[in-house]
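**Student:** just coords:
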């Protein structure tokens, strides 16, 4: 996986019913090959990178299943990430003010189509 010339899969793509796993796998492969490019290798929903040793992967997967990240992930009002999020859509897709989730924003930034934005309710 070469993320210096390509993008990882969408965070919306599911594996074992969980979002983001395929994206994390793509980033892990690129990290291991030294081809991460501008991407970070972290997993903010769990606060740490997903490790691929059998023991750590089992632990990480259990943690992910208990937290059940969703495509509705968005910044908490008043948080630092909300402040950041307020400016980013204007840079990436100023014509799309209805974009309010991180996954939709990532898809737009990586030139994927987001015909209908994710709703919070």
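**Tutor:** Sure thing, it's come through. A quick note: this is a predicted structure, and the numbers were derived from the prediction, not measured. Residues are numbered from 1 along each chain as shown.
**Student:** need the three-state assignment for residue 86.
**Tutor:** Three-state assignment for residue 86 (DSSP: H, G, I helix; E, B strand; the rest coil): helix.
**Student:** could you do the one 3 residues further on as well?
**Tutor:** When the structure is reduced to helix, strand and coil (three-state DSSP), residue 89 reads as helix.
**Student:** ok, and the closest non-adjacent residue to it?
**Tutor:** In this structure, residue 89 finds its nearest non-sequential neighbour in residue 99, 5.1 Å apart by Cβ to Cβ, 6 or more residues apart in numbering. Glycine gets a C-beta too; all of them are placed from N, C-alpha and C.
**Student:** next, count neighbours for that neighbour.
**Tutor:** Neighbour count for residue 99, taken as other Cβ atoms under 10 Å: 21.
**Student:** how about it, what does it touch?
**Tutor:** 89, 93, 105, 108, 114, 117 (Cβ atoms under 8 Å, 6 or more residues apart in numbering).
**Student:** repeat for residue 10
**Tutor:** By Cβ under 8 Å, 6+ apart, residue 10 lies in contact with 22, 23, 103, 106, 107, 110, 112.
**Student:** PyMOL command for the buried members of these?
**Tutor:** Buried subset of the contacts of residue 10, written as a PyMOL selection, criterion 16 or more other Cβ atoms under 10 Å:
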select buried, resi 22+23+103+106+107
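**Student:** reformat the contacts of residue 10 as TSV; add distance to residue 29 and secondary structure.
**Tutor:** Putting these into TSV (distance: Cβ to Cβ, whole Å; DSSP: H, G, I helix; E, B strand; the rest coil) gives the following:
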residue	distance to residue 29	secondary structure
22	11	helix
23	11	helix
103	20	helix
106	18	helix
107	20	helix
110	17	coil
112	19	coil
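**Student:** great, nothing more from me.
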